[in-house]
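In: here is a sequence with its predicted model. Questions after.
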Amino acid sequence: MDVRLLRPDEAHAALQLRVAAFTSAMHVDPDDVADDYVPDDHRLVAVEGDRVVGHAAAWPFGQSFGGRVVPMGGVGGVAVAPDRRGRGIGSALLASLLELMADRGLVVSSLYPSTSAPYRSWGWEVAGEHVRRRVRTRDLLDLPAAGDDVVLDAFEPDDLDEVVALHDGITATEPGGLVGGRRWHARALLPDPDEPEMPIVARRGDAIVGLSLATKTSAEPGDGHSAYGLRVLRLVAIDHQVERALWRNLGHHYSVAETTTFNSRPAEPLLFQLPLGLHLPPPTSQHWMTRLVDVPAALAARGWPPLSARVELAITDRRVPANDGAVVLEADDGEVAVTPGGSGSVALDIGALSTIYTGFASPSAMARTGRLTGADADELALLDHLFAVPAPFLRDYF
Ligand SMILES: CC(C)(COP(=O)(O)OP(=O)(O)OC[C@H]1O[C@@H](n2cnc3c(N)ncnc32)[C@H](O)[C@@H]1OP(=O)(O)O)[C@@H](O)C(=O)NCCC(=O)NCCS
């Protein structure tokens, strides 16, 4: 078994593996090679002779931590042929993917796990939330109307670059927000006859100031007699007027979709504008995981509070030797530098450091799990202060 970069003629076999792993279908059209997926130079295959038996990819994304966008490898499509599982192929792919991301300057990595065990074993840890809420679609029509200066229009392919800049500019300001880049947005927004999604842009004058992307799903419990549910995949707006215009427009689906599901922010603006009710299912939360790929580069790339601090860490990383060992972290006025050495008096593993890095778990919380040791109460308070950022969340799924 060999792990190497995907070759273009293997795209169909790789897609077949992903389909077999993640959908109810077993076979895909041979003409469909998903060439709008992750760029080939960010995709790995495991091969036995001529047969592709495993696949893993890392989208070249950015993710916002401490107010700065950090280059992030968004891991996806990790799949091993059903008859070849449990023999170390998944592990070999993750090992090579970590090397690939380090080579490409993707200094952190995040993913949505369908199973956490292999990822935790390879150093990723739970590091943020993706929350989905449901509202009654009809209620959206009761939001106050926006001014006449906001005009909604069907998205056209020529709008792509402006929409990418709008979305990524907004999510870059959200803790944990995804900066997806052109290729990832194009995949969702450009017309695809198999995906009945409905991108809509909001304009003010000549500028695009908002985007919604929604699709119909099968009705869920709680959807009464309606034929469908509405699922909002993306909704970004430059201000609350534009945001209301987009929501009100989605409200017009109420006759066929009783409820609307969307990816929520923690203090979701809709919460303050719509009636609350116990008749709707509670929000659902899915956790994502993050791993620091290159510890010194990742720590230097994040945003930090204007504090001065010096901490001597001992990091255990049994998968990436370059990260393993004692380092001194020096913070000064919003910048952090990491140099090898020091006493390593505060010890933690790479997964613990990763969830502290995103702001999901505080150093004190990780001390309570036993995965951060050696810090007294004063040092823990200082570390809590240093790493504190608003709770990270991802509205976007990849
Ligand atoms: C998950 C998957 C890629 C793992 O590949 P694999 O070749 O079977 O994995 P390995 O044999 O290298 O095992 C890797 C580690 O994960 C563990 N593991 C693998 N699959 C697991 C599972 N489904 N549940 C729990 N643990 C699992 C193994 O015990 C091993 O642990 P260790 O490193 O501590 O010894 C494979 O089972 C698969 O394709 N599953 C379906 C698709 C999927 O769920 N992908 C993950 C997407 S996020």
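Out: Received the coordinates, thanks.
In: so which residues on the protein come close to the ligand?
Out: By C-beta under 6 Å from any ligand atom, the residues of the chain that approach the ligand are 21, 78-80, 85-91, 113-115, 117-118, 121. (Each C-beta comes from the backbone N, C-alpha and C, glycine too.)
In: count of neighbours near the one residue in the stretch 51-200 of the chain that gets nearest to the ligand?
Out: Closest contact between the stretch 51-200 of the chain and the ligand, by C-beta to the nearest ligand atom, is at G90 (2.3 Å). If you count neighbours by other C-beta atoms under 10 Å, G90 ends up with 22.
In: rewinding a little: select only the buried ones of the residues of the chain next to the ligand in ChimeraX?
Out: Command for ChimeraX, covering only those of the residues of the chain next to the ligand found buried under the criterion 16 or more other C-beta atoms under 10 Å:
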select :21,78,79,80,89,90,113
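In: could you list which of the residues of the chain next to the ligand belong to strands?
Out: Residues of these located in strands (DSSP state E): 78-80.
In: turn those residues into CSV, including pLDDT.
Out: What follows is these, written out as CSV (pLDDT from 0 to 100):
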residue, pLDDT
V78, 97
A79, 96
V80, 97
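In: got these as JSON lines, with distance to L230 columns?
Out: What follows is those, written out as JSON lines (distance: C-beta to C-beta, whole Å):
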{"residue": "V78", "distance to L230": "30"}
{"residue": "A79", "distance to L230": "30"}
{"residue": "V80", "distance to L230": "35"}
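In: for A375, state which of the residues you listed is nearest.
Out: Proximity of those to A375 (C-beta to C-beta) peaks at V78, which lies at 34.3 Å.
In: what's the neighbour count on the nearest residue to that closest one once chain neighbours are set aside?
Out: Leaving aside its sequence neighbours, V78 sits nearest to A56 (C-beta to C-beta, 6 or more residues apart in numbering; 4.6 Å). Neighbour count of A56, defined by other C-beta under 10 Å: 27.
In: do the same with the one 10 residues further on
Out: Under the neighbour criterion other C-beta under 10 Å, G66 is assigned a count of 21.
In: just to revisit the earlier point, next up, phi/psi of the residue nearest to V78, please.
Out: Note on A56: backbone dihedrals following degrees, to the nearest 10 are phi -150, psi 150.
In: identify the bridge partners of the residue of the stretch 151-300 of the chain found nearest the ligand.
Out: When scored by C-beta to the nearest ligand atom, the stretch 151-300 of the chain has M289 as its residue closest to the ligand, at 9.2 Å. M289 has these beta-bridge partners by DSSP bridges: L111, V126.
In: now for it, how many residues are close by?
Out: 25.
In: how about V295?
Out: Residues near V295, counting by other C-beta under 10 Å, number 25.
In: what's the nearest residue to it if we skip its chain neighbours?
Out: Excluding the flanking residues, the one nearest V295 by C-beta to C-beta, 6+ apart is N323, at 4.5 Å.
In: ditto for H252
Out: Computed as C-beta to C-beta, 6+ apart, the closest residue to H252 that is not its neighbour in sequence is L141, at 7.1 Å.
In: surely the one you found and H253 touch.
Out: No. Using C-beta atoms under 8 Å as the test, L141 is too far from H253 to be in contact (10.0 Å).
In: the more surrounded of those two?
Out: Set L141 next to H253 and count neighbours by other C-beta under 10 Å: H253 wins out with 20 against 14.
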